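S.K.: could you work out the structure for the sequence below:
(chains A, B, C and D)
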There are 2 protein chains.
Amino acid sequence: MQRTSLKSDPCPVARALDSIGDWWSLLIIRDAFDGVRRFGDFQRSLGVAKNILTVRLRRLVTDGILEHTNSREGNAQEYVLTAKGKGLFPVIVGLRQWGESHFYGQKERHSVLVDRDQNRPVRRLEVLSRDGRILRAEDTFVRKIGS
Amino acid sequence: MQRTSLKSDPCPVARALDSIGDWWSLLIIRDAFDGVRRFGDFQRSLGVAKNILTVRLRRLVTDGILEHTNSREGNAQEYVLTAKGKGLFPVIVGLRQWGESHFYGQKERHSVLVDRDQNRPVRRLEVLSRDGRILRAEDTFVRKIGS
DNA sequence: CCGTATCCATTCCGATACTG
DNA sequence: CAGTATCGGAATGGATACGG
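M.R.: A predicted model of the protein is given here:
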């Protein structure tokens, strides 16, 4: 039996996770946001086996999240986020802030995402309604379409 | 060799993914946000094998994301999101909106997350600076703390 | 109805050796 | 440097049978 594919799942969350819902992909994407571009740099930064990294990178390229610029003028090839890949920025930020809130003891400090302009931490990620209210899960529901 | 644990990784994203970075956990959490509470309902909704679901639920309870209310007055036990689990709301919304944007053809429609008060779709999730500007990845950097 | 136990196939992952 | 090839152990996933 094969792992169930979620590519055709009606839920957008499921389809998203079909692409990036494994152990390494989101970490690769995090590194990409931090400016990592080369195979060896991903490999050292993540401590992942090279064969695994190869497969993961290939998948991300196939799914249009990374672009493999092989044809740059006479120098090293790179993996760069596409527009689709950059669209995951709020997800990474959300994971980061959730991690900061719940996985560090009182004395243990962690890195912070900083706004370049203001040189201050980024505002906490919130789900907002059209008129700017902060929404919690209880304030929302999923309106199903079609079947 | 065992899978590398990320529990002590310096990066908050990594620690977060150590808890929820597998194929099923985020889908379970999505269902929990949608009001699913019982074992059998998760099982049917996800189509996951029961033994796997058992392990995943136990892990989520251990990590403080779900609470297993066994002691309710003489009736069925339930799995409910804790405060920590509810903190993943922006992440789920981010995944949902990213999935909506990139995995549906022009004619294929999808469900929408709706604000109960206004009965309108929730605002697109954005990363904001302290003064309300919309930040993109290029506008931010990670300030590392300690080593 | 809520799980647990067992079995088996597939996949994942890490280590290492190797190629261009 | 950027992968590919191969190997073995571990984890995952699905099906099914079973117990409370």
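S.K.: what residue ranges in chain A score low on pLDDT?
M.R.: A:1-2, A:71-75, A:146-147 (pLDDT under 70).
S.K.: up against DNA strand C, what does it have?
M.R.: A:1, A:2, A:3, A:22, A:23, A:24, A:48, A:49, A:50, A:51, A:52, A:55 (CB under 7 Å from any atom of the strand). C-beta: built from backbone N, CA, C; applies to glycine.
S.K.: give me the number of residues near residue A:145?
M.R.: 11 (other CB atoms under 10 Å in any protein chain shown).
S.K.: so it, which of the three states?
M.R.: Secondary structure, DSSP: H, G, I helix; E, B strand; the rest coil: residue A:145 is coil.
S.K.: where does chain A get nearest to DNA strand D, which residue?
M.R.: Across chain A, the shortest distance to DNA strand D (CB to the nearest atom of the strand) belongs to residue A:40, at 2.8 Å.
S.K.: which secondary structure elements does the one helix or strand that residue maps to sit against?
M.R.: For residue A:40, the host element (DSSP states H and E) is helix A:39-46. On a contact count with 3 or more CB pairs under 8 Å, 6 or more residues apart in numbering or on different chains; DSSP states H and E, helix A:39-46 meets helix A:25-33, helix A:50-62.
S.K.: now with 10 Å?
M.R.: Applying 3 or more CB pairs under 10 Å, 6 or more residues apart in numbering or on different chains; DSSP states H and E, one finds that helix A:39-46 contacts helix A:25-33, helix A:50-62, strand A:78-81.
S.K.: buried residues in the longest one, which are they?
M.R.: Put plainly, it is helix A:50-62. A:53, A:56, A:57, A:59, A:60 (16 or more other CB atoms under 10 Å in any protein chain shown).
S.K.: how about the helix holding residue A:40: buried residues?
M.R.: In helix A:39-46, counting by 16+ other CB under 10 Å, buried: A:39, A:42, A:43, A:46.
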